[in-house]
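Peer 1: Got a sequence here, can you model it:
(2 chains)
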2 protein chains.
Amino acid sequence: MNTTPRLPRLIEVRKNVLKQNDLLARALRERYREAGVFVVSIVSSPGSGKTTLLEKTLTQFRFECRVAALVGDLATDNDAARLARTEVPVKQITTGTVCHLEAAMIEHALEGWNLAALDCLFIENVGNLVCPSSYDLGEDLRLTLMSVTEGEDKPLKYPTIFNTADAAVITKIDLAAAVEFDSKAAYQNIQSVRPGMQVFELSAKSGQGMDEWLQFLRRMKEE
Amino acid sequence: MNTTPRLPRLIEVRKNVLKQNDLLARALRERYREAGVFVVSIVSSPGSGKTTLLEKTLTQFRFECRVAALVGDLATDNDAARLARTEVPVKQITTGTVCHLEAAMIEHALEGWNLAALDCLFIENVGNLVCPSSYDLGEDLRLTLMSVTEGEDKPLKYPTIFNTADAAVITKIDLAAAVEFDSKAAYQNIQSVRPGMQVFELSAKSGQGMDEWLQFLRRMKEE
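Peer 2: From the prediction side, this is the model:
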(Lines give C-alpha, C1' and ligand atoms only; values in the text may rest on other atoms or scores of the structure.)
Protein backbone atom coordinates (compact mmCIF):
# COMPACT_ATOMS: atom_id res chain seq x y z
CA MET A 1 0.00 0.00 0.00
CA ASN A 2 2.92 2.35 0.68
CA THR A 3 5.44 3.82 -1.68
CA THR A 4 8.75 5.24 -0.55
CA PRO A 5 10.60 8.27 -1.91
CA ARG A 6 14.02 8.11 -3.51
CA LEU A 7 15.97 11.31 -2.99
CA PRO A 8 19.53 10.27 -2.02
CA ARG A 9 21.26 13.45 -3.17
CA LEU A 10 19.12 15.98 -1.33
CA ILE A 11 19.18 13.84 1.79
CA GLU A 12 22.99 13.72 1.74
CA VAL A 13 23.28 17.50 1.50
CA ARG A 14 20.68 17.92 4.21
CA LYS A 15 22.80 15.73 6.46
CA ASN A 16 25.75 18.08 6.01
CA VAL A 17 23.56 21.11 6.64
CA LEU A 18 22.21 19.46 9.78
CA LYS A 19 25.72 18.66 10.97
CA GLN A 20 26.75 22.32 10.53
CA ASN A 21 23.57 23.35 12.31
CA ASP A 22 24.28 20.99 15.21
CA LEU A 23 27.73 22.51 15.70
CA LEU A 24 26.33 26.04 15.71
CA ALA A 25 23.49 25.01 18.04
CA ARG A 26 26.01 23.54 20.45
CA ALA A 27 27.90 26.85 20.48
CA LEU A 28 24.63 28.73 21.05
CA ARG A 29 23.69 26.42 23.92
CA GLU A 30 27.06 27.17 25.51
CA ARG A 31 26.46 30.93 25.10
CA TYR A 32 23.00 30.66 26.65
CA ARG A 33 24.45 28.72 29.59
CA GLU A 34 27.26 31.21 30.18
CA ALA A 35 24.83 34.13 29.98
CA GLY A 36 22.43 32.36 32.33
CA VAL A 37 19.50 32.68 29.92
CA PHE A 38 16.78 30.02 29.74
CA VAL A 39 15.73 29.43 26.12
CA VAL A 40 12.37 28.02 25.08
CA SER A 41 11.40 27.27 21.47
CA ILE A 42 7.85 26.75 20.22
CA VAL A 43 6.88 24.78 17.13
CA SER A 44 3.47 23.97 15.61
CA SER A 45 1.37 24.03 12.46
CA PRO A 46 0.40 27.44 11.11
CA GLY A 47 -2.47 28.83 13.15
CA SER A 48 -2.16 26.60 16.22
CA GLY A 49 -1.81 29.63 18.45
CA LYS A 50 1.94 30.03 19.01
CA THR A 51 1.85 33.83 18.94
CA THR A 52 -1.25 34.12 21.14
CA LEU A 53 0.24 31.80 23.76
CA LEU A 54 3.54 33.66 23.59
CA GLU A 55 1.77 37.03 23.91
CA LYS A 56 0.01 35.92 27.09
CA THR A 57 3.17 34.31 28.44
CA LEU A 58 5.35 37.38 27.82
CA THR A 59 2.71 39.65 29.36
CA GLN A 60 3.02 37.67 32.59
CA PHE A 61 6.74 36.90 32.50
CA ARG A 62 7.87 40.48 31.97
CA PHE A 63 6.88 41.24 35.56
CA GLU A 64 8.89 38.28 36.84
CA CYS A 65 12.12 38.32 34.85
CA ARG A 66 14.03 39.90 31.97
CA VAL A 67 12.47 38.28 28.94
CA ALA A 68 12.74 38.66 25.14
CA ALA A 69 11.51 36.88 22.02
CA LEU A 70 12.58 35.96 18.49
CA VAL A 71 9.80 35.13 16.03
CA GLY A 72 10.22 33.35 12.71
CA ASP A 73 8.01 33.71 9.66
CA LEU A 74 8.37 33.36 5.90
CA ALA A 75 7.00 36.83 5.26
CA THR A 76 5.60 39.78 7.28
CA ASP A 77 6.64 41.03 10.69
CA ASN A 78 3.05 40.82 11.98
CA ASP A 79 4.02 38.56 14.89
CA ALA A 80 6.82 40.84 16.07
CA ALA A 81 4.39 43.78 15.88
CA ARG A 82 1.83 41.82 17.93
CA LEU A 83 4.38 40.74 20.51
CA ALA A 84 5.90 44.23 20.73
CA ARG A 85 2.65 45.26 22.48
CA THR A 86 3.85 43.24 25.46
CA GLU A 87 6.66 45.83 25.76
CA VAL A 88 9.26 43.08 25.69
CA PRO A 89 12.24 43.18 23.25
CA VAL A 90 11.16 41.28 20.13
CA LYS A 91 12.98 40.60 16.88
CA GLN A 92 11.45 39.15 13.70
CA ILE A 93 13.37 36.60 11.65
CA THR A 94 12.00 36.61 8.12
CA THR A 95 13.08 33.39 6.42
CA GLY A 96 11.87 34.12 2.88
CA THR A 97 11.22 30.65 1.49
CA VAL A 98 13.03 28.69 4.20
CA CYS A 99 10.50 26.55 6.03
CA HIS A 100 12.12 26.50 9.49
CA LEU A 101 14.52 28.38 11.74
CA GLU A 102 18.18 27.37 11.90
CA ALA A 103 20.87 28.00 14.48
CA ALA A 104 22.63 30.43 12.08
CA MET A 105 19.50 32.58 11.89
CA ILE A 106 19.29 32.70 15.69
CA GLU A 107 22.96 33.62 15.97
CA HIS A 108 22.47 36.38 13.42
CA ALA A 109 19.31 37.68 15.11
CA LEU A 110 21.06 37.83 18.48
CA GLU A 111 23.73 40.21 17.17
CA GLY A 112 23.56 43.42 19.15
CA TRP A 113 21.66 41.80 22.03
CA ASN A 114 23.37 41.34 25.36
CA LEU A 115 22.32 37.83 26.39
CA ALA A 116 23.63 38.36 29.91
CA ALA A 117 20.95 41.04 30.36
CA LEU A 118 18.24 38.39 29.84
CA ASP A 119 16.82 35.65 32.05
CA CYS A 120 14.53 34.07 29.50
CA LEU A 121 14.37 33.98 25.69
CA PHE A 122 11.45 32.59 23.68
CA ILE A 123 11.88 31.52 20.06
CA GLU A 124 8.75 31.06 17.93
CA ASN A 125 9.48 28.91 14.88
CA VAL A 126 7.90 29.14 11.42
CA GLY A 127 4.50 27.41 11.36
CA ASN A 128 5.46 23.94 10.19
CA LEU A 129 4.93 20.56 11.86
CA VAL A 130 7.62 18.81 9.84
CA CYS A 131 10.86 20.62 9.03
CA PRO A 132 11.73 22.43 12.29
CA SER A 133 12.09 19.06 14.03
CA SER A 134 15.55 18.47 12.51
CA TYR A 135 17.06 21.82 13.48
CA ASP A 136 18.49 22.21 16.98
CA LEU A 137 18.45 25.89 18.01
CA GLY A 138 20.39 25.29 21.21
CA GLU A 139 17.21 25.73 23.23
CA ASP A 140 16.78 24.30 26.74
CA LEU A 141 13.16 23.42 26.17
CA ARG A 142 11.28 22.66 22.97
CA LEU A 143 7.49 22.72 22.98
CA THR A 144 5.23 21.32 20.31
CA LEU A 145 1.76 22.84 20.15
CA MET A 146 -1.33 21.33 18.55
CA SER A 147 -4.79 22.89 18.64
CA VAL A 148 -7.93 20.87 19.33
CA THR A 149 -9.23 21.86 15.89
CA GLU A 150 -6.42 19.96 14.13
CA GLY A 151 -7.59 16.54 15.30
CA GLU A 152 -6.29 13.98 17.78
CA ASP A 153 -4.19 12.08 15.23
CA LYS A 154 -1.50 14.71 14.64
CA PRO A 155 1.13 13.09 16.93
CA LEU A 156 0.82 9.84 14.94
CA LYS A 157 1.04 11.61 11.59
CA TYR A 158 3.88 13.96 12.54
CA PRO A 159 5.78 11.80 15.04
CA THR A 160 9.24 13.37 14.65
CA ILE A 161 8.22 16.81 15.83
CA PHE A 162 6.57 15.35 18.93
CA ASN A 163 9.53 13.06 19.48
CA THR A 164 12.05 15.91 19.49
CA ALA A 165 9.95 18.05 21.87
CA ASP A 166 10.26 18.19 25.66
CA ALA A 167 6.57 18.86 26.26
CA ALA A 168 3.34 19.06 24.27
CA VAL A 169 0.73 21.79 24.56
CA ILE A 170 -2.83 21.28 23.37
CA THR A 171 -4.19 24.74 22.57
CA LYS A 172 -7.65 26.28 21.99
CA ILE A 173 -9.37 23.98 24.49
CA ASP A 174 -12.18 26.55 24.63
CA LEU A 175 -13.16 24.99 21.26
CA ALA A 176 -12.87 21.37 22.44
CA ALA A 177 -16.62 20.77 22.71
CA ALA A 178 -17.39 22.47 19.37
CA VAL A 179 -14.99 20.16 17.51
CA GLU A 180 -15.79 17.10 19.67
CA PHE A 181 -12.13 16.85 20.64
CA ASP A 182 -11.24 13.52 22.25
CA SER A 183 -8.68 14.58 24.85
CA LYS A 184 -7.97 11.01 25.96
CA ALA A 185 -7.21 9.85 22.40
CA ALA A 186 -4.90 12.84 21.82
CA TYR A 187 -3.08 12.11 25.07
CA GLN A 188 -2.69 8.43 24.16
CA ASN A 189 -1.38 9.34 20.71
CA ILE A 190 1.21 11.69 22.22
CA GLN A 191 2.27 9.00 24.72
CA SER A 192 2.54 6.36 22.01
CA VAL A 193 4.96 8.59 20.09
CA ARG A 194 6.87 9.84 23.14
CA PRO A 195 6.10 7.87 26.29
CA GLY A 196 6.08 9.95 29.45
CA MET A 197 5.97 13.34 27.73
CA GLN A 198 4.26 16.02 29.76
CA VAL A 199 1.10 17.39 28.14
CA PHE A 200 -0.62 20.72 28.87
CA GLU A 201 -4.14 21.62 27.82
CA LEU A 202 -4.94 25.30 27.73
CA SER A 203 -6.70 28.20 26.09
CA ALA A 204 -4.67 31.40 25.86
CA LYS A 205 -7.95 33.09 24.95
CA SER A 206 -10.05 32.03 27.96
CA GLY A 207 -7.09 31.62 30.32
CA GLN A 208 -8.02 28.01 31.17
CA GLY A 209 -4.90 25.95 31.97
CA MET A 210 -2.57 28.98 31.78
CA ASP A 211 -1.56 28.80 35.46
CA GLU A 212 -0.24 25.23 35.16
CA TRP A 213 1.60 26.22 31.99
CA LEU A 214 3.27 29.27 33.57
CA GLN A 215 4.16 27.26 36.69
CA PHE A 216 5.79 24.63 34.50
CA LEU A 217 7.88 27.28 32.72
CA ARG A 218 8.96 28.81 36.04
CA ARG A 219 9.95 25.40 37.36
CA MET A 220 11.95 24.50 34.23
CA LYS A 221 13.67 27.89 34.31
CA GLU A 222 14.88 27.32 37.86
CA GLU A 223 16.17 23.78 37.24
CA MET B 1 14.00 44.50 12.37
CA ASN B 2 14.44 41.58 9.97
CA THR B 3 17.29 39.16 9.59
CA THR B 4 17.82 37.05 6.51
CA PRO B 5 19.11 33.48 6.27
CA ARG B 6 22.31 32.51 4.49
CA LEU B 7 22.16 28.99 3.08
CA PRO B 8 23.64 29.14 -0.43
CA ARG B 9 24.66 25.48 -0.67
CA LEU B 10 21.34 23.91 0.26
CA ILE B 11 19.50 26.36 -1.95
CA GLU B 12 21.67 25.41 -4.94
CA VAL B 13 21.00 21.70 -4.50
CA ARG B 14 17.30 22.40 -4.00
CA LYS B 15 17.29 24.22 -7.33
CA ASN B 16 18.62 21.11 -9.06
CA VAL B 17 16.11 18.91 -7.29
CA LEU B 18 13.33 21.29 -8.33
CA LYS B 19 14.54 21.24 -11.93
CA GLN B 20 14.45 17.43 -11.97
CA ASN B 21 11.01 17.57 -10.39
CA ASP B 22 9.76 20.01 -13.01
CA LEU B 23 10.87 17.69 -15.81
CA LEU B 24 9.12 14.72 -14.22
CA ALA B 25 6.01 16.79 -13.53
CA ARG B 26 5.88 17.84 -17.18
CA ALA B 27 6.00 14.17 -18.22
CA LEU B 28 3.25 13.35 -15.71
CA ARG B 29 1.08 16.21 -17.03
CA GLU B 30 1.48 14.79 -20.52
CA ARG B 31 0.47 11.32 -19.27
CA TYR B 32 -2.60 12.72 -17.52
CA ARG B 33 -3.60 14.58 -20.69
CA GLU B 34 -3.18 11.53 -22.90
CA ALA B 35 -5.17 9.38 -20.47
CA GLY B 36 -7.88 12.03 -20.21
CA VAL B 37 -7.66 12.21 -16.43
CA PHE B 38 -8.29 15.44 -14.55
CA VAL B 39 -5.86 15.80 -11.63
CA VAL B 40 -6.50 17.92 -8.54
CA SER B 41 -3.99 18.40 -5.73
CA ILE B 42 -4.81 19.67 -2.25
CA VAL B 43 -2.38 21.39 0.10
CA SER B 44 -2.84 22.88 3.57
CA SER B 45 -1.52 22.96 7.13
CA PRO B 46 -1.89 19.79 9.17
CA GLY B 47 -5.47 19.51 10.41
CA SER B 48 -7.13 21.98 8.02
CA GLY B 49 -9.52 19.30 6.82
CA LYS B 50 -8.01 17.98 3.59
CA THR B 51 -9.03 14.38 4.24
CA THR B 52 -12.55 15.24 5.39
CA LEU B 53 -13.17 17.41 2.33
CA LEU B 54 -11.72 14.71 0.10
CA GLU B 55 -13.85 12.03 1.75
CA LYS B 56 -17.04 14.01 1.08
CA THR B 57 -15.93 14.87 -2.44
CA LEU B 58 -15.07 11.26 -3.36
CA THR B 59 -18.36 10.03 -1.90
CA GLN B 60 -20.20 12.28 -4.34
CA PHE B 61 -17.87 11.99 -7.33
CA ARG B 62 -17.79 8.20 -7.41
CA PHE B 63 -21.37 8.25 -8.68
CA GLU B 64 -20.48 10.68 -11.43
CA CYS B 65 -17.13 9.49 -12.79
CA ARG B 66 -14.26 7.08 -12.34
CA VAL B 67 -12.27 8.63 -9.52
CA ALA B 68 -9.23 7.67 -7.41
CA ALA B 69 -6.96 9.28 -4.82
CA LEU B 70 -3.34 9.37 -3.67
CA VAL B 71 -2.70 10.59 -0.12
CA GLY B 72 0.63 11.71 1.29
CA ASP B 73 1.73 11.56 4.89
CA LEU B 74 5.00 11.27 6.81
CA ALA B 75 3.81 8.25 8.75
CA THR B 76 0.66 6.09 9.07
CA ASP B 77 -1.80 5.08 6.38
CA ASN B 78 -4.73 6.43 8.40
CA ASP B 79 -5.90 8.72 5.61
CA ALA B 80 -5.90 5.95 3.00
CA ALA B 81 -7.88 3.79 5.42
CA ARG B 82 -10.40 6.61 5.95
CA LEU B 83 -10.73 7.31 2.24
CA ALA B 84 -11.02 3.61 1.39
CA ARG B 85 -14.46 3.75 3.05
CA THR B 86 -15.61 5.77 0.05
CA GLU B 87 -15.00 2.59 -2.01
CA VAL B 88 -12.76 4.49 -4.39
CA PRO B 89 -9.23 3.26 -5.26
CA VAL B 90 -6.84 4.93 -2.80
CA LYS B 91 -3.09 4.63 -2.37
CA GLN B 92 -1.03 5.99 0.51
CA ILE B 93 2.33 7.62 -0.13
CA THR B 94 4.36 7.50 3.07
CA THR B 95 7.17 10.05 2.79
CA GLY B 96 9.11 9.19 5.96
CA THR B 97 10.79 12.47 6.84
CA VAL B 98 10.17 14.22 3.51
CA CYS B 99 7.90 17.21 4.12
CA HIS B 100 6.08 17.28 0.78
CA LEU B 101 5.11 15.15 -2.21
CA GLU B 102 7.29 15.14 -5.33
CA ALA B 103 6.56 14.17 -8.92
CA ALA B 104 8.77 11.05 -8.54
CA MET B 105 6.59 9.82 -5.65
CA ILE B 106 3.45 10.29 -7.73
CA GLU B 107 5.01 8.46 -10.68
CA HIS B 108 5.99 5.59 -8.38
CA ALA B 109 2.57 5.46 -6.72
CA LEU B 110 0.83 5.31 -10.11
CA GLU B 111 2.72 2.14 -11.09
CA GLY B 112 0.19 -0.60 -11.70
CA TRP B 113 -2.69 1.83 -12.15
CA ASN B 114 -4.27 2.29 -15.55
CA LEU B 115 -4.72 6.05 -15.82
CA ALA B 116 -6.92 5.67 -18.89
CA ALA B 117 -9.47 3.91 -16.67
CA LEU B 118 -9.83 7.07 -14.58
CA ASP B 119 -11.62 10.37 -15.17
CA CYS B 120 -10.43 12.15 -12.06
CA LEU B 121 -7.50 11.76 -9.66
CA PHE B 122 -7.15 13.61 -6.36
CA ILE B 123 -3.76 14.02 -4.67
CA GLU B 124 -3.67 15.01 -0.99
CA ASN B 125 -0.30 16.45 -0.03
CA VAL B 126 1.52 16.18 3.30
CA GLY B 127 0.17 18.74 5.79
CA ASN B 128 2.56 21.63 5.25
CA LEU B 129 1.84 25.21 4.21
CA VAL B 130 5.40 25.89 3.04
CA CYS B 131 7.35 23.18 1.22
CA PRO B 132 4.75 21.66 -1.16
CA SER B 133 4.50 25.02 -2.96
CA SER B 134 7.74 24.42 -4.87
CA TYR B 135 6.92 20.96 -6.19
CA ASP B 136 4.84 20.67 -9.33
CA LEU B 137 3.01 17.32 -9.40
CA GLY B 138 1.71 17.80 -12.94
CA GLU B 139 -1.76 18.55 -11.57
CA ASP B 140 -4.39 20.49 -13.52
CA LEU B 141 -5.69 22.24 -10.45
CA ARG B 142 -3.99 23.03 -7.16
CA LEU B 143 -6.09 23.99 -4.17
CA THR B 144 -4.86 25.58 -0.97
CA LEU B 145 -7.07 25.05 2.07
CA MET B 146 -7.10 27.09 5.26
CA SER B 147 -9.49 26.56 8.13
CA VAL B 148 -11.23 29.42 9.94
CA THR B 149 -9.50 28.35 13.15
CA GLU B 150 -6.05 29.18 11.73
CA GLY B 151 -6.71 32.90 11.47
CA GLU B 152 -7.24 35.34 8.62
CA ASP B 153 -3.55 36.22 8.23
CA LYS B 154 -2.32 32.91 6.82
CA PRO B 155 -2.24 34.07 3.16
CA LEU B 156 0.05 36.97 4.14
CA LYS B 157 2.34 34.76 6.22
CA TYR B 158 2.52 31.88 3.72
CA PRO B 159 2.18 33.78 0.43
CA THR B 160 3.97 31.29 -1.85
CA ILE B 161 1.53 28.45 -1.28
CA PHE B 162 -1.43 30.72 -2.03
CA ASN B 163 0.39 32.17 -5.01
CA THR B 164 0.99 28.78 -6.61
CA ALA B 165 -2.62 27.64 -6.10
CA ASP B 166 -5.48 27.93 -8.57
CA ALA B 167 -8.18 28.37 -5.93
CA ALA B 168 -8.43 28.78 -2.17
CA VAL B 169 -10.83 26.92 0.09
CA ILE B 170 -11.71 28.22 3.54
CA THR B 171 -12.77 25.18 5.58
CA LYS B 172 -14.64 24.56 8.86
CA ILE B 173 -16.93 27.56 8.42
CA ASP B 174 -19.30 25.88 10.90
CA LEU B 175 -16.75 27.16 13.48
CA ALA B 176 -16.55 30.71 12.04
CA ALA B 177 -18.67 32.33 14.76
CA ALA B 178 -16.92 30.46 17.59
CA VAL B 179 -13.50 31.75 16.51
CA GLU B 180 -14.83 35.19 15.41
CA PHE B 181 -13.51 34.58 11.91
CA ASP B 182 -13.39 37.72 9.78
CA SER B 183 -14.32 36.39 6.35
CA LYS B 184 -13.83 39.76 4.65
CA ALA B 185 -10.29 40.15 6.02
CA ALA B 186 -9.37 36.60 4.95
CA TYR B 187 -10.73 37.26 1.46
CA GLN B 188 -8.80 40.53 1.20
CA ASN B 189 -5.60 38.83 2.36
CA ILE B 190 -5.99 36.11 -0.26
CA GLN B 191 -6.65 38.71 -2.96
CA SER B 192 -3.65 40.80 -1.93
CA VAL B 193 -1.40 37.76 -2.39
CA ARG B 194 -3.10 36.48 -5.53
CA PRO B 195 -5.48 38.99 -7.10
CA GLY B 196 -8.54 37.44 -8.69
CA MET B 197 -8.17 34.01 -7.11
CA GLN B 198 -11.44 32.19 -6.58
CA VAL B 199 -12.28 31.51 -2.94
CA PHE B 200 -14.70 28.91 -1.57
CA GLU B 201 -16.04 28.86 1.97
CA LEU B 202 -17.41 25.55 3.16
CA SER B 203 -17.87 23.04 5.91
CA ALA B 204 -17.42 19.42 4.89
CA LYS B 205 -18.97 18.56 8.26
CA SER B 206 -22.22 20.55 7.97
CA GLY B 207 -22.35 20.46 4.17
CA GLN B 208 -22.57 24.26 3.89
CA GLY B 209 -20.92 25.49 0.67
CA MET B 210 -20.30 21.95 -0.63
CA ASP B 211 -22.59 22.36 -3.66
CA GLU B 212 -20.65 25.36 -5.01
CA TRP B 213 -17.40 23.49 -4.43
CA LEU B 214 -18.56 20.35 -6.28
CA GLN B 215 -20.00 22.46 -9.12
CA PHE B 216 -16.65 24.21 -9.46
CA LEU B 217 -14.81 20.87 -9.70
CA ARG B 218 -17.26 19.58 -12.31
CA ARG B 219 -16.82 22.75 -14.35
CA MET B 220 -13.02 22.63 -14.19
CA LYS B 221 -13.04 18.95 -15.11
CA GLU B 222 -15.03 19.67 -18.28
CA GLU B 223 -12.86 22.57 -19.38
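
Peer 1: Any idea what the residue nearest to the spatial centre of chain A is bridged to?
Peer 2: The centroid of chain A falls nearest to A:Ile42 when counting by C-alpha atoms, centre = their mean (1.0 Å). Beta-bridge pairing of A:Ile42 under DSSP bridges involves A:Glu124, A:Leu143.

Peer 1: those strands in chain A, which residues are they?
Peer 2: Under the criterion DSSP state E, chain A contains strands at A:2-3, A:38-43, A:67-73, A:90-94, A:120-124, A:141-147, A:167-171, A:198-201.

Peer 1: And the helices in chain A, which stretches?
Peer 2: A:8-35, A:50-61, A:78-84, A:103-109, A:154-157, A:159-163, A:183-193, A:210-222 (DSSP state H).

Peer 1: what's in contact with the last one?
Peer 2: Judged by C-beta atoms under 8 Å, 6 or more residues apart in numbering or on different chains, the contacts made with helix A:210-222 from elsewhere in the structure are A:38, A:40, A:53, A:56-57, A:60-61, A:64-65, A:119-120, A:140-141, A:167, A:169, A:198, A:200, A:202-204. The way it works is simple: take the backbone N, C-alpha and C, and place the C-beta from them, glycine included.

Peer 1: Apply 6 Å and report the result again.
Peer 2: A:38, A:60, A:141, A:200, A:202 (C-beta atoms under 6 Å, 6 or more residues apart in numbering or on different chains).

Peer 1: Now for the closest residue to A:Leu18 other than its chain neighbours, how many residues are close by?
Peer 2: Spatial nearest neighbour of A:Leu18, excluding adjacent residues (C-beta to C-beta, 6 or more residues apart in numbering or on different chains): A:Ser134 at 5.8 Å. Per other C-beta atoms under 10 Å in any protein chain shown, the neighbour tally for A:Ser134 reads 19.

Peer 1: Any stretches of chain A with poor pLDDT?
Peer 2: A:1-10 (pLDDT under 70).

Peer 1: can you rerun that using 50?
Peer 2: A:1-2 (pLDDT under 50).

Peer 1: Enumerate the residues of it near chain B.
Peer 2: A:1-3, A:5, A:10, A:13, A:17, A:45-47, A:73, A:75-77, A:92-95, A:98-99, A:105, A:108-109, A:128-131, A:149-151, A:154, A:156-157, A:159, A:178 (C-beta under 6 Å from any C-beta of the partner chain).

Peer 1: Among those residues, name the buried ones.
Peer 2: Those of these that meet the buried threshold are A:3, A:5, A:10, A:13, A:17, A:45-47, A:73, A:75-77, A:92-95, A:98-99, A:105, A:109, A:128-131, A:149-151, A:154, A:156-157, A:159, A:178, by 16 or more other C-beta atoms under 10 Å in any protein chain shown.

Peer 1: Could you export the helices of chain A as CSV, including distance to B:Leu217?
Peer 2: Output for the helices of chain A, formatted as CSV (distance: least, C-beta to C-beta, whole Å):
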stretch, distance to B:Leu217
helix A:8-35, 33
helix A:50-61, 34
helix A:78-84, 33
helix A:103-109, 40
helix A:154-157, 26
helix A:159-163, 32
helix A:183-193, 32
helix A:210-222, 43
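
Peer 1: So which of those helices is the most surrounded?
Peer 2: helix A:154-157 (a mean of 24; mean count of other C-beta atoms under 10 Å in any protein chain shown).

Peer 1: now for the helices of chain A, which one comes closest to B:Leu145?
Peer 2: Proximity to B:Leu145, assessed across the helices of chain A by C-beta to C-beta, is greatest for helix A:154-157 (15.8 Å).

Peer 1: List the contacts of stretch A:39-46.
Peer 2: Counting by C-beta under 6 Å, 6+ apart, A:32, A:50, A:121-125, A:127, A:129, A:132, A:137, A:139-145, B:45-46, B:129, B:150, B:154 sit against stretch A:39-46.

Peer 1: For A:Leu54, see how far away A:Glu87 is.
Peer 2: A:Glu87 is 14 Å from A:Leu54, where distance means C-beta to C-beta, to the nearest Å.

Peer 1: One more: A:Phe216?
Peer 2: For A:Phe216 relative to A:Leu54 (C-beta to C-beta), the value is 15 Å.

Peer 1: and if you look at A:Arg14?
Peer 2: From A:Arg14 to A:Leu54 the distance is 29 Å (C-beta to C-beta).

Peer 1: do A:Ser44 as well
Peer 2: 11 Å.

Peer 1: again, but for A:Glu180
Peer 2: 28 Å.

Peer 1: Then A:Lys19?
Peer 2: Distance, A:Lys19 to A:Leu54, by C-beta to C-beta: 30 Å.

Peer 1: Likewise for A:Leu24?
Peer 2: Distance from A:Leu24 to A:Leu54, by C-beta to C-beta: 24 Å.

Peer 1: again, but for A:Val193
Peer 2: For A:Val193, the distance to A:Leu54 - C-beta to C-beta - is 24 Å.

Peer 1: same deal with A:Ala168?
Peer 2: Taking C-beta to C-beta, one finds A:Ala168 at 16 Å from A:Leu54.

Peer 1: Please apply the same query to A:Ile106.
Peer 2: A:Ile106 is 16 Å from A:Leu54, by C-beta to C-beta.

Peer 1: repeat for A:Gly207
Peer 2: For A:Gly207 relative to A:Leu54 (C-beta to C-beta), the value is 15 Å.

Peer 1: And A:Ser147, by the same measure?
Peer 2: With C-beta to C-beta as the criterion, A:Ser147 and A:Leu54 are 14 Å apart.

Peer 1: what does A:Ser48 give?
Peer 2: Between A:Ser48 and A:Leu54 the computed distance is 12 Å (C-beta to C-beta).

Peer 1: For A:Met220, give its distance to chain B.
Peer 2: 26 Å (C-beta to the nearest C-beta, to the nearest Å).
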